Each structure stands twice: as C-alpha cells, then as structure tokens.
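Chemist: Kindly return the folded structure for what I paste below:
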Amino acid sequence: MTGWPEGLERFLTTDPRDVGCDAARAVLHVYVELLAAGIDAAERYPGVASHLAACEACADAADGLLAAVQDEDLHGGHQRE
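Modeler: Next up is the predicted model:
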C-alpha cells in the first residue's frame, strides 16, 4: 500500500488478535515466565505473541525481562556483588 500514511498502513495490517500494549504489558511477566520455563507462551497467549511480533517497544521489554529472569535463574536468585 505505498502512498498511504504509515500509521494507517500499520493499522490496516495489524493482526486482529493483537491485544495492544496495555493488555500485553499486564501479562508480560507471566508470558516471560512461561518462556523461561520452556512452555509455549504463544499458544497460551496468542494475542500477546501477535502484539510482540508487531510492537518493537513491547518486544524489547519482553526480551529484557526474559534476560533478567534467566539471569536470576542462572544465579539462583542471589544478588551478585
């Protein structure tokens, strides 16, 4: 759809399952815990998976949270000095 304003094109190509930023952030911690446990989080939360595929900011937040959870698991929940 060349020639369309970027926001309109993004809206028209949005996956209807996309739950949006607010709903995704509300369960992001649960979604990431599932990922860290090796569980298919996208199967349980398809709307969140769809949103993370489309929203770079929320995907970055999920990646950061996952890294923090994995680091905590790696170090046994102990603070590093």
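Chemist: CA only for contacts and neighbour counts going forward, please
Modeler: OK.
Chemist: pretty sure residue 20 is touching residue 50, no?
Modeler: No. Using CA atoms under 8 Å, residue 20 makes no contact with residue 50, being 9.1 Å away.
Chemist: Would you check that residue 65 makes contact with residue 32?
Modeler: Yes. Under the criterion of CA under 8 Å, residue 65 is in contact with residue 32, at a separation of 6.9 Å.
Chemist: Residue 76: how many residues sit nearby?
Modeler: With neighbours defined by other CA atoms under 10 Å, the count for residue 76 comes to 9.
Chemist: OK, contacts around it?
Modeler: Counting by CA atoms under 8 Å, 6 or more residues apart in numbering, residue 76 makes contact with nothing.
Chemist: Secondary structure element holding it?
Modeler: Here residue 76 is covered by no helix or strand, with elements defined by DSSP states H and E.
Chemist: any low-confidence regions in the chain?
Modeler: Across the chain, the ranges flagged by pLDDT under 70 are 1-4, 6-13, 77-81.
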